[in-house]
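Engineer: Have a look at this fold, sequence not included:
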């Protein structure tokens, strides 16, 4: 996979994660069920980000579990840093639960049947829009290198 494809895939995973995370209350009832769904989403998206980062570094895992390809460069914090970055970006977009609740309330007042889903779609679009300049600049830089 080309590096720009990995960048785009990681940005997409982040945006989809933000969307689903935000939309879950429209589809999952109960506090514990919602927490479980968010835990599963976090684990799945972190796994996807780690797999994409391994792809970028040229390291994949063979069917027998042994690594193949070039050894990855050491990264301080590695996968945990990526997971923290994803979590931080989602939470920074929502700012506080109070802001999120206010937006959902306003959407509901305007007749939106699934306000968390609408908010999640906006957050996902904003997330991709924020990543687009970086991905395009990196692609341009690689093309001229």
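Structural biologist: Sure thing, it's come through. Everything numeric in this text was worked out from a predicted model, so none of it was measured.

Engineer: For the rest of this, base every contact and every neighbour count on C-alpha atoms.
Structural biologist: Will do.

Engineer: what packs against the longest helix seen in the chain?
Structural biologist: Longest helix in the chain, counting residues (DSSP state H): helix 115-144. In terms of contacts (3 or more C-alpha pairs under 8 Å, 6 or more residues apart in numbering; DSSP states H and E), helix 115-144 is packed against helix 3-23, helix 97-109.

Engineer: quick one: which of the ones you listed is nearest residue 134?
Structural biologist: helix 3-23 (9.0 Å; C-alpha to C-alpha).

Engineer: pLDDT on that closest one, on average?
Structural biologist: Helix 3-23 shows a mean pLDDT of 86.

Engineer: got the angle for it vs helix 97-109?
Structural biologist: Going by axes from the mean of the first three to the mean of the last three C-alpha atoms, to 10 degrees, helix 3-23 is angled at 70 degrees with respect to helix 97-109.

Engineer: Can you spell out which helices and strands pack onto helix 3-23?
Structural biologist: Other helices and strands packing on helix 3-23, by 3+ C-alpha pairs under 8 Å, 6+ apart, are helix 31-57, helix 115-144.

Engineer: Mind telling me which of those helices the model trusts least?
Structural biologist: Minimum mean pLDDT among those: helix 115-144, a mean of 84.

Engineer: Compute the inter-axis angle for that one and helix 97-109.
Structural biologist: Using the same axes, to 10 degrees: helix 115-144 against helix 97-109 is 110 degrees.

Engineer: Show me how far helix 115-144 is from its chain's centre.
Structural biologist: In this view, helix 115-144 has its centroid 11 Å away from the chain centroid, taken as C-alpha atoms, centre = their mean, to the nearest Å.
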